Structure formats: structure tokens, C-alpha cells
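>>> Provide a 3D model corresponding to the input given below.
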Amino acid sequence: MKDLGWRPNQLARGLRKSFSTLIGMIIPDITNPFFPSVVRGVEDVAFRNSYRIVLCNTDNSGDKELEYFSDLRAMNPAGFLIIPATDSKIELQLGELDKPVTLIDRMPANWDGDFVGANGEQGAYDATAYLIEMGHRRIGIVAGPLSSRIGSERVNGFLRAAREANIPVPDGFIQEARFDQESGYASARRLLDLIPRPTAIFASNDLIAAGALLAVKEAGLRCPEDVSIVGFDDLDFTVLTAPPITTIHQPGYQIGVRAGEVLVERIMFPNREPQQIVFPAELMIRESVCRRFSDDAL
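Numbers count the residues shown, from 1 in each chain. Just a heads-up that it's a prediction; the model follows:
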């Protein structure tokens, strides 16, 4: 077998036996750099423990997510790692599953199983509080989908900071987008068309922030002098933009490592108590925010 280079078919072995070395992983958007960093952390842990990852990308589609989930179940994997889609329906399928599952980053409201993510609401609060500290009183937000828990959590953090500082949030200052640059651009343009417009924008992820930065420049404005911007995720490109983007850091690779460890522990010890691990989010101050000394109408 060694001389001929023969290797066993892991899928066939998993179908024949109750034990499998495969782990099914479902992510919402392979083009968002945050998710590959999570996958890399998971893969490092899986490889060290002799597991192999089968990766599926849902394009944030709940229907595609369910199809992939069904396909993965047919492979009889050892367990699942899932970052739910924006319109995920997968929680309804997990109750009848007899395999270990760890959810990552996005936790459904009624989920009481294993979870690893970052504190999105606190991160949004810290981002907004920093803008307030820098003198901004007209702060808009380009939120992620409000139907998703992660989108609503970041809006809640934004509103909590504004409420504690007695800063009103006028109609139109909360704009909804997908978690991508294109819709972030479109939503930021709507904010910039308001009279008076915001002096600062909190973007619910860095792709949205990149879209907002482009919208500011195309409107003939300057960042941060006319409009300050804060993002969320701390993706690698945020230090390369002009100006570099102030953002909230959430440790994608470390989240993936811990999620992989939690799943492996669950596979080995199926009856242990569920773990819900939430990493702190950290403000990374760069050059896309400047101090505001006046709040005159723009």
C-alpha cells in the first residue's frame, strides 16, 4: 500500500463506520476576508487532531445553507462548524442532529449549544463612544441586515452609546446594508445626501467601511476632515487604505482555533456542558477619525 501510494477513502470510511475523520464547515461568504481567517484557525486545529475539513460557502443564502447541510450530513462527518447565513434557517435542523455542532460568530437567539465569537454589541458601543469622545454629535450607522442577530447587536451597541451621551439619532441616520462593499457604498451615499449630514459614520464591518470611504471621496468630501469613519473586524486592508481605517478588532484566527478546539472536545466528550466563548472586541485607532470642534450644519 505504501509503495503504491494508496490512501483510504475517508468519505467511504465515514459512511461505513460510526467514526469519521471529516468535519463539515459552512461559512456565509468566502470573499469576506474575515471568514477565511476563521477557517484557517479551524483547519490548523483539525489537522493537528487528524481531522479534515470539508468547506462549503453559502453566499449568505439560507436555502443554499440547508442544501449544503443536507449534503454534509450524508457524508457522516464527525461534527459540524457553522457560521450561519444572514437569513439562516439552519437552527431548525440542528435540534434533530445527532452530531456535535459548534456555531461561530453568529449565534441564533435560542441557541444553547457550543458557540465561539466576539462581543459585537460592546465593540459597536466602543466605536460609537470613541466618535462621541472625539466631539462628534451627528453620527450615522451603516448597519448589517437588521433581521440578523449580528446586525441588530451592533445597532444596539451604537444606540446604547448615543443614548448614554444624550445624542439624538435622527430619522435616516440608521441605514441598512448587506455585509459587503457595494451595499455599504450605496447606504453611505444615502447618509451623505442628508441635510445636515452626519459628521461620522460607524460601519458594521470593514467591507461596509471601505464602501463608505469610497462614497465620501466620490461625494467630493474628505475623510476624516469632513466625515470620519469607523469600521468593524480589523481586516488586513484597513491599514492600507487612505486614510487607514479606525476599526474594531475581532480575532478571526483565534476564534477559529478556539471553535476547532471546542468541537474536538465535544467529539471526545459528548456529554460535557456546552461552552459559549465570547472574545473581547478591541478598538484600533488609526487615521480615519478626527476631532470635531464644531457641529455647524453641513
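>>> so how far is stretch 172-186 off the chain centroid?
Relative to its parent chain, stretch 172-186 has a centroid offset of 15 Å by C-alpha atoms, centre = their mean, to the nearest Å.
>>> who's in contact with that stretch?
29, 32, 60, 86, 138-146, 151, 155, 187-188, 190-191, 194, 198, 203-205, 207-212, 214-215 (C-beta atoms under 8 Å, 6 or more residues apart in numbering). C-beta coordinates here come from the backbone N, C-alpha and C atoms, glycine included.
>>> same thing but at 7 Å, please
32, 140-146, 155, 187, 190-191, 194, 198, 203, 205, 207-212, 214-215 (C-beta atoms under 7 Å, 6 or more residues apart in numbering).
>>> Need the buried ones from those residues selected in PyMOL.
A single PyMOL command selects the buried members of the contacts of stretch 172-186 (16 or more other C-beta atoms under 10 Å):
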select buried, resi 32+140+141+142+143+144+145+155+187+191+194+198+203+205+207+208+209+210+211+212+214+215
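>>> Domain map for the protein?
Domain assignment for the chain by automatic domain parsing gives 10-118+251-279, 120-249.
>>> In contact with Leu191, which residues?
Gly140, Gln175, Arg197, Pro198, Ile201.
>>> How many neighbouring residues does Val45 have?
20 (other C-beta atoms under 10 Å).
>>> isn't it right up against Glu261?
Yes - counting by C-beta atoms under 7 Å, Val45 sits close enough to Glu261 to count as a contact (5.6 Å).
>>> what's the neighbour count on Cys223?
Around Cys223 there are 24 residues (other C-beta under 10 Å).
>>> centroid residue for the protein?
Asp105 (5.8 Å; C-alpha atoms, centre = their mean).
>>> list the contacts for it?
By C-beta under 7 Å, 6+ apart, the neighbours of Asp105 are Ile83, Gly117, Ile255.
>>> Take those residues and keep only those in strands.
Within these, residues falling in strands by DSSP state E are Gly117.
>>> In JSON lines: the contacts of Asp105, plus distance to Arg222 and pLDDT.
Supplementary listing: these in JSON lines, determined by distance: C-beta to C-beta, whole Å; pLDDT from 0 to 100:
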{"residue": "Ile83", "distance to Arg222": "36", "pLDDT": "95"}
{"residue": "Gly117", "distance to Arg222": "35", "pLDDT": "95"}
{"residue": "Ile255", "distance to Arg222": "35", "pLDDT": "97"}
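>>> Just the buried subset of the contacts of Asp105, please.
Using 16+ other C-beta under 10 Å, the buried ones in the contacts of Asp105 are Ile83, Gly117, Ile255.
>>> and of the residues you listed, the nearest to Phe279?
Within these, the smallest distance to Phe279 is 6.1 Å, found for Ile255 (C-beta to C-beta).
>>> give me every residue that touches that closest one.
Val38, Gly41, Ile104, Asp105, Val116, Gly117, Ala118, Phe279.
>>> Let's see that with 6 Å instead.
The neighbourhood of Ile255, defined by C-beta atoms under 6 Å, 6 or more residues apart in numbering, consists of Val38, Val116.
>>> For Gly140, see how far away the closest residue to Pro168 other than its chain neighbours is.
Excluding its sequence neighbours, the residue lying closest to Pro168 (C-beta to C-beta, 6 or more residues apart in numbering) is Ala162, at 7.6 Å. With the distance defined as C-beta to C-beta, to the nearest Å, Ala162 ends up 11 Å from Gly140.
>>> which ones are touching Ile141?
Counting by C-beta under 6 Å, 6+ apart, Ile141 touches Phe158, Ile174, Phe202.
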